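**Student:** Task: produce atomic coordinates for the following.
(chains A and B)
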Number of protein chains: 2
Amino acid sequence: MKPSQRLYVASDLGQDRVVALDSGQAHYLAHVLRLPAGSAVLLFNGRDGEWLAHLSQIGKKGAEAVCAEQTRTQTPICDLDLLFAPVKGDRTDTIVEKATELGVARIRPVLTERTIVRKLNLERLRSRAAEASEQCGTLFVPEVHDAMSLMSLLDPKAEVRRILFADEAGDAMSIAEALADKPARVALLTGPEGGFTPGEREKLRASPWVRPVNLGPRILRADTATFAGLTLIQNVWGDWT
Amino acid sequence: MKPSQRLYVASDLGQDRVVALDSGQAHYLAHVLRLPAGSAVLLFNGRDGEWLAHLSQIGKKGAEAVCAEQTRTQTPICDLDLLFAPVKGDRTDTIVEKATELGVARIRPVLTERTIVRKLNLERLRSRAAEASEQCGTLFVPEVHDAMSLMSLLDPKAEVRRILFADEAGDAMSIAEALADKPARVALLTGPEGGFTPGEREKLRASPWVRPVNLGPRILRADTATFAGLTLIQNVWGDWT
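**Tutor:** Now for the predicted structure:
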């Protein structure tokens, strides 16, 4: 039977390698799940695939597991970024969780004129991404980057990537149209609760690598726009096709 | 300038009609927004389109508005249901909010063998649907129905509707394939945290109006499956096309 616990670790994985688990993982395995030494777990690190491992030591001071067998080889992830203006309350955490399940490679908070939430606990968001990866069966944890300003994103010296921004204007194109030429690198950009300002929308539309996209006839909340946009991108361009 | 407050009301709307607002709405307008008498608001009831109205009376005991002008005519909504197994914590509330933004007509909690959450506060879910409707600009509030069992849903005497259920099996079809013949009435069905049981999956697959559908290569949480499934249904079959 396949172990139900999948854990993300930083260390290298390989035959007979001994892997130290962090104190949070050790606590969860020992005191919540009450797993005894010898129990099987699955480990992944974003590089070496997924490994079946057995707990060789588990206790108050930590836990260790020994890799027994590779269960999956590492698969590539789509070169898809989520660029999002942080929103209030738990909604930013949920955006990180869902973006992970929906298979993004990188998550970058973007500060726009109307962004109210400007302080982010990046460590908490990184933990949330790791937990979501453990649960959804991916072999990859998206990188959570420091926040950047919208204008530095549009700097012509920045990396070239097709950016789809959720625009409420009636003339925005569909996500399928915006990706019809199958660009190699894609990002979804979503605004804050109050949307982008007219000046921001003008600058976005003037950038050669940005496309305004339409997300249906209703006004989606900022978090819903990320879920819906990433779903459609994966469906027409990414790894759902 | 268009008023920023849109309110869902139960009463009929029409030229010069006086509409009583409920105590929650009156409190919000008077004490949070501090709107004076004479302020403009938009009203909708799911039947009579959207109306510009002016507050004729506002105070501790309630508020009333008088309809001045119809701003939008009522548009039909897609005949799309969300059938979902309730999940823990705030996630059920969020499912109702997102389903509203994504344009469903009806929301029905479905109890399956592995459903842990069996008590629902339907009044709270109905309020959440109304608030989401007010915000997302729709003219319709989805009906939130009482919970039903999965088996009564599959009763051959139940209404005929194409049901797409999120199935993790490798042979499930895409949502586009499941809707290629453009059925008139559609529902998305999603399971609880632990998924459907093998017996439930077998019964679902044996029903002539059910199609197993695929939601990509990762295991989506129950709430994510509803967001992604509804997005794709609206995109290939519903009002995003």
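**Student:** List the buried residues in stretch A:100-113.
**Tutor:** Applying a neighbour-count criterion of 16 or more other CB atoms under 10 Å in any protein chain shown, one finds A:100-112 buried in stretch A:100-113. In this view, the C-beta of every residue, glycine as well, is placed from N, C-alpha and C.
**Student:** Now do the most centrally placed residue in chain A against chain B, distance only.
**Tutor:** Compute the mean C-alpha point of chain A, and by CA atoms, centre = their mean the closest residue is A:Thr100, 3.5 Å away. To chain B, A:Thr100 is 9 Å away according to CB to the nearest CB, to the nearest Å.
**Student:** For chain A, what lies in contact range of chain B?
**Tutor:** Within chain A, the positions near chain B by CB under 8 Å from any CB of the partner chain are A:90, A:94, A:97-98, A:101-103, A:135-138, A:214-221, A:224, A:227-228, A:231-232, A:234-235, A:239-240.
**Student:** Where do the helices of chain A begin and end?
**Tutor:** For chain A, applying DSSP state H gives helices covering A:23-27, A:91-101, A:122-136, A:150-153, A:175-178, A:198-206, A:222-236.
**Student:** which residues in chain A form strands?
**Tutor:** A:6-8, A:18-21, A:40-44, A:50-59, A:62-72, A:80-84, A:106-111, A:143-144, A:148-149, A:162-166, A:186-190, A:210-213 (DSSP state E).
**Student:** Below-threshold pLDDT in chain A: ranges please.
**Tutor:** A:1 (pLDDT under 70).
**Student:** let's see it at 50
**Tutor:** Along chain A, the model assigns pLDDT under 50 to no residue.
**Student:** about what we covered before: just the buried members of the residues of chain A next to chain B?
**Tutor:** A:94, A:97-98, A:101-103, A:135-138, A:214-216, A:218, A:220-221, A:224, A:227-228, A:231-232, A:234-235, A:239-240.
**Student:** circling back to that earlier point, tell me which of the helices of chain A sits most buried.
**Tutor:** Ranked by mean neighbour count, the helices of chain A are led by helix A:222-236 with a mean of 25 (mean count of other CB atoms under 10 Å in any protein chain shown).
**Student:** Quick one: residues contacting A:Met148.
**Tutor:** A:108-111 (CB atoms under 8 Å, 6 or more residues apart in numbering or on different chains).
**Student:** wait, A:Phe84
**Tutor:** Taking CB under 8 Å, 6+ apart, one finds A:95, A:99, A:107-110, A:188-190, A:222, A:226 in contact with A:Phe84.
**Student:** same thing but 10 Å
**Tutor:** By CB atoms under 10 Å, 6 or more residues apart in numbering or on different chains, A:Phe84 lies in contact with A:92, A:95-96, A:99, A:107-110, A:112, A:115, A:166, A:187-192, A:222-223, A:225-226, A:229.
**Student:** Walk me through the domains of chain A.
**Tutor:** Per automatic domain parsing, the structural domains of chain A span A:6-72, A:80-236.
**Student:** quick one on the thing from earlier: any chance of a markdown table for the helices of chain A, columns distance to B:Leu82?
**Tutor:** What follows is the helices of chain A, written out as a markdown table (distance: least, CB to CB, whole Å):
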| stretch | distance to B:Leu82 |
| --- | --- |
| helix A:23-27 | 35 |
| helix A:91-101 | 17 |
| helix A:122-136 | 21 |
| helix A:150-153 | 34 |
| helix A:175-178 | 22 |
| helix A:198-206 | 32 |
| helix A:222-236 | 14 |
